[in-house]
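*Asks:* My questions concern the predicted model and sequence given below.
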Amino acid sequence: MYKVFVNESPLILTNKLSDTANNKYFLLNGSAINDAIDSLASKKLNEAFIYHPNHEEILKKFSKKIPLVVAAGGVVTNKEGKVLFIYRNDKWDLPKGKLDKGETIEECALREVEEETGVEGLKIENFLRTTYHLFKRNGAYKLKEVHWFAMKTNYKGALVGEASEGIEKVKWKGPGKIKKALENSYANIKILFED
């Protein structure tokens, strides 16, 4: 099962019809995919399901209809146990960005966090999870697949938001402030703080 967020509403790609019980589900074809996305984007549905019997194929087939953009980012913790957040588009977010040709997912995650925040001396501790969401570019939907890593740093220098990426603020946040930031964040960022 894959959860793809469309304007904060889940579009669930599943190979289990039982997941779709009592819910509207769509088949894995171009027009049905567009109908599902439009229903979520316009808030006609709170969640939608796309069914395909083969779990191995479902994401591949979906990304044939909605082009895939691979990205990576980090949940960065400092010595005080605070987590690094960025503020852009009126929401609190985590640093991440698109994979460049020839770089590994890990290299991308480290590069993007440093570029977007100015934080140096990053070390990847472990892989956390992959999240999915749709975004619009030039009037067409794209599927963003973000690989998230837990990172540590001893960095104590200035935090510098990448202006060209629209980042207005970069802040270290402790537990109370994280909770507050997540009230004004994205569903796929909140997932990273569950458990």
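*Replies:* Here it is on my side, so go on.
*Asks:* Next up, the contacts around the residue in the chain sticking out farthest from the centre.
*Replies:* Taking C-alpha atoms, centre = their mean, the residue of the chain most remote from its mean C-alpha position is residue 22, at 27.5 Å. Contact analysis of residue 22 by C-beta atoms under 8 Å, 6 or more residues apart in numbering lists nothing. Backbone N, C-alpha and C define where each C-beta goes, glycine included.
*Asks:* now it: how far from residue 3?
*Replies:* According to C-beta to C-beta, to the nearest Å, residue 22 stands 18 Å off from residue 3.
*Asks:* Check residue 155 too.
*Replies:* Using C-beta to C-beta, we find residue 155 at a distance of 32 Å from residue 3.
*Asks:* Which residue of those two possesses the greater neighbour count?
*Replies:* Counted by other C-beta atoms under 10 Å, residue 155 and residue 3 do not tie: residue 155 has more neighbours, with 19 against 16.
*Asks:* so residue 30 makes contact with residue 64?
*Replies:* No. Counting by C-beta atoms under 8 Å, residue 30 stays clear of residue 64, with 9.1 Å between them.
*Asks:* Strands of the chain, start to end?
*Replies:* Remark: strands assigned in the chain by DSSP state E are 2-6, 9-14, 25-27, 48-51, 68-77, 83-88, 91-93, 96-98, 123-137, 140-152, 169-173.
*Asks:* Now those in JSON lines, please, with extra columns for distance to residue 189 and mean pLDDT.
*Replies:* Putting the strands of the chain into JSON lines (distance: least, C-beta to C-beta, whole Å; pLDDT from 0 to 100) gives the following:
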{"stretch": "strand 2-6", "distance to residue 189": "10", "mean pLDDT": "95"}
{"stretch": "strand 9-14", "distance to residue 189": "14", "mean pLDDT": "93"}
{"stretch": "strand 25-27", "distance to residue 189": "26", "mean pLDDT": "87"}
{"stretch": "strand 48-51", "distance to residue 189": "21", "mean pLDDT": "91"}
{"stretch": "strand 68-77", "distance to residue 189": "9", "mean pLDDT": "97"}
{"stretch": "strand 83-88", "distance to residue 189": "9", "mean pLDDT": "98"}
{"stretch": "strand 91-93", "distance to residue 189": "6", "mean pLDDT": "98"}
{"stretch": "strand 96-98", "distance to residue 189": "10", "mean pLDDT": "97"}
{"stretch": "strand 123-137", "distance to residue 189": "8", "mean pLDDT": "95"}
{"stretch": "strand 140-152", "distance to residue 189": "9", "mean pLDDT": "96"}
{"stretch": "strand 169-173", "distance to residue 189": "12", "mean pLDDT": "98"}
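*Asks:* per-domain residue ranges of this structure.
*Replies:* 2-65, 70-193 (automatic domain parsing).
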